[in-house]
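**Q** predicted model follows, preceded by the sequence.
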Amino acid sequence: TLNLGTFSSSYLFVNNKEGEVKANAWRIVDGYQVAYQPDGLAADLLRGRYYVQAEAYLFQTIDGATQAYDFMDKFYLARPAAQKVPTKQLGNQSNAYKLVNGTVGTSDQLSAYYRMLVRRGNAVFVVQINGSDKFVSVDEARDIAVIMDDRILGNRAAPVPTPIPTPSFGGR
């Protein structure tokens with residue numbers, strides 16, 4: 001779960017002050033982040049699996065969500081070597097981006113990142129996948145974005161996830 005403080009200190013902003021100003025102007029209500037790592041981590045990326053990170057933000061108004069979407073769209077496209085990639089429209093607004101950066105672990109396979117940014121009403125969400133450029137495409141990011149969109153629309157159940165307990169390391 002994200003609050004105003006964690007949102008304003010996120011990677012999207014140069015500093016907390018900029019984040020606070022934007023969050024207040026956009027009137028953010030809530031936010032969530034979730035991540036998935038394949039069992040074998042980088043080794044599994046060489047077999048076609050991928051990492052997933054998803055973020056969802058809810059704003060008080062459609063206008064605030066639209067402003068946040070426009071900001072994020074420019075932000076993602078401004079990443080060095082990032083490029084927009086074509087994909088089927090989702091929600092009220094959507095764009096997808098690709099970035100190839102480095103290799104998967106110590107292999108010679110290129111590492112690719114795909115992001116799908118979507119605005120549906122007063123919600124904005126982004127899905128990023130990372131895997132071997134040889135195996136992944138924008139389709140995997142879009143497929144997960146479709147699931148998120150279906151949950152926003154109420155077309156798919158949105159169960160509350162079960163948190164993983166913090167491990168105890170024992171001691172004295």
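**A** Nice, thanks for sending it over.

**Q** give me every residue that touches residue 61.
**A** With contact set as Cβ atoms under 8 Å, 6 or more residues apart in numbering, residue 61 has these partners: 27, 122. Glycine gets a C-beta too; all of them are placed from N, C-alpha and C.

**Q** so residue 42 is in contact with residue 104, correct?
**A** Yes: with contact defined as Cβ atoms under 8 Å, residue 42 reaches residue 104; the gap is 5.6 Å.

**Q** looking at this, residue 116 is in a strand?
**A** Yes: under DSSP: H, G, I helix; E, B strand; the rest coil, residue 116 falls within a strand.

**Q** look up how far residue 87 lies from it.
**A** 7 Å (Cβ to Cβ, to the nearest Å).

**Q** how far does stretch 140-159 sit from its chain's centre?
**A** Its chain's average C-alpha position is 13 Å from that of stretch 140-159, according to Cα atoms, centre = their mean, to the nearest Å.

**Q** now residue 20: closest residue in space that isn't a chain neighbour?
**A** residue 8 (4.4 Å; Cβ to Cβ, 6 or more residues apart in numbering).

**Q** for burial, what's the neighbour tally of the one you found?
**A** Residue neighbour count, defined by other Cβ atoms under 10 Å, stands at 21 for residue 8.

**Q** kindly report the same for residue 27.
**A** Other residues within reach of residue 27 by the criterion other Cβ under 10 Å amount to 16.

**Q** correct me, but it touches residue 60?
**A** Yes: using Cβ under 8 Å as the test, residue 27 is close enough to residue 60 to be in contact (4.0 Å).

**Q** you'd agree residue 124 is up against residue 67?
**A** No: with contacts counted by Cβ under 8 Å, residue 124 stays clear of residue 67, the gap being 9.7 Å.

**Q** more neighbours: which of those two?
**A** The residue with more neighbours, out of residue 124 and residue 67, is residue 124; 30 against 17, by other Cβ under 10 Å.

**Q** sec struct for the residue nearest to residue 87 when sequence neighbours are not counted, please.
**A** Nearest residue to residue 87 in three dimensions, chain neighbours excluded: residue 96, at 4.4 Å (Cβ to Cβ, 6+ apart). The three-state assignment at residue 96 reads strand, by three-state DSSP.

**Q** surely residue 6 is within a helix?
**A** Yes: counting by three-state DSSP, residue 6 is found in a helix.
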